[in-house]
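Chemist: give me a model of this one.
(chains A and B)
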Amino acid sequence: GAGVSQTPSNKVTEKGKYVELRCDPISGHTALYWYRQSLGQGPEFLIYFQGTGAADDSGLPNDRFFAVRPEGSVSTLKIQRTERGDSAVYLCASSPGTNGELFFGEGSRLTVL
Amino acid sequence: SQQGEEDPQALSIQEGENATMNCSYKTSINNLQWYRQNSGRGLVHLILIRSNEREKHSGRLRVTLDTSKKSSSLLITASRAADTASYFCATVTTGTASKLTFGTGTRLQVTL
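Modeler: Take a look at the predicted model:
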């Protein structure tokens, strides 16, 4: 497709379980971002990739959160031992370069029961 | 953490009126961007203004930037019901390698 694709669109899990969220960016975009958005709030930065490497992971809240982008395209956000406070919409965005506009996916809504 | 604060938090106007939203931020920036988000959907980029620019236009949108006051405004002229959405400002702080930090957003409601 032409846009950023995120799967699953909805994920319901139980406290303590492991979750993976996938992002397929726009073809050719070198920069990829993960954000988390809680209800009524703005997106909160988690991590930014330039190519395969994490250029800035300062937004990851703790070591339960990890993200990879092994081939510089698709990225996976991994959350271990999920907690109820992890419930949010996780947004992925990509960009063709630096300091420019971001193209967002529709998000993955995570609910931890 | 949120960089920007949008003002007002919520705005309700009638179709045809103009809507003005303000954004304040805290750091030195490379550029400032405005995004729109319909309920339950992803964000859509509206306009980007660089730190050395003071005003920019795109269709019915007008953005101003005052770096001395660390503030920006977004004006939507002749609003339509379809403009109903949340609007966010976002900044790229100088030296942070493209990390885009969002504000808290303004919820705009345009009624017929």
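Chemist: in chain A, which residue is closest to the centre?
Modeler: Taking C-alpha atoms, centre = their mean, the centroid of chain A lies closest to A:W34, which sits 3.4 Å from it.
Chemist: tell me the secondary structure for it?
Modeler: strand (DSSP: H, G, I helix; E, B strand; the rest coil).
Chemist: and for B:R41, the neighbour number?
Modeler: 15 (other C-beta atoms under 10 Å in any protein chain shown). Quick note: C-beta positions are derived from backbone N, CA and C, even for glycine.
Chemist: that one against A:L91, yeah?
Modeler: No. Taking contacts as C-beta atoms under 8 Å, B:R41 lies outside contact range of A:L91: 10.3 Å.
Chemist: can you give me the strands in chain A?
Modeler: According to DSSP state E, chain A carries its strands in the segments A:5-7, A:10-13, A:19-24, A:31-37, A:44-50, A:53-56, A:65-68, A:75-79, A:88-95, A:103-104, A:108-112.
Chemist: who does the helix or strand bottoming out on mean pLDDT in chain B pair up with?
Modeler: In chain B, the helix or strand scored least confidently by mean pLDDT, DSSP states H and E is strand B:5-7, which has a mean of 85. Here strand B:5-7 is paired, per DSSP bridges, with strand B:19-24 (antiparallel).
Chemist: give me the next element, helix or strand, following the strand it pairs with.
Modeler: strand B:29-37 (DSSP states H and E).
Chemist: next up, the contacts around the closest residue to A:E71 other than its chain neighbours.
Modeler: In this structure, A:E71 finds its nearest non-sequential neighbour in A:T52, 6.9 Å apart by C-beta to C-beta, 6 or more residues apart in numbering or on different chains. Taking C-beta atoms under 8 Å, 6 or more residues apart in numbering or on different chains, we find A:T52 in contact with A:69-72.
Chemist: list the neighbouring strands of the lowest-mean-pLDDT helix or strand in chain A plus their orientation.
Modeler: Between all helices and strands in chain A, the lowest mean by mean pLDDT, DSSP H and E belongs to strand A:53-56, at a mean of 89. Here strand A:53-56 is paired, per DSSP bridges, with strand A:44-50 (antiparallel).
Chemist: so how far is the least confident helix or strand of chain A from its chain's centroid?
Modeler: 13 Å (C-alpha atoms, centre = their mean, to the nearest Å).
Chemist: residues contacting it, please?
Modeler: Contacts for strand A:53-56 (C-beta under 8 Å, 6+ apart): A:47-49, A:67, A:69, B:96-99.
Chemist: can I get those in CSV with pLDDT, distance to B:N31 and neighbour count?
Modeler: As requested, the contacts of strand A:53-56 are exported to CSV (pLDDT from 0 to 100; distance: C-beta to C-beta, whole Å; neighbours: other C-beta atoms under 10 Å in any protein chain shown):
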residue, pLDDT, distance to B:N31, neighbour count
A:I47, 96, 21, 23
A:Y48, 93, 16, 25
A:F49, 94, 20, 23
A:A67, 97, 25, 21
A:R69, 96, 24, 20
B:T96, 73, 12, 19
B:A97, 65, 13, 14
B:S98, 75, 10, 19
B:K99, 84, 12, 19
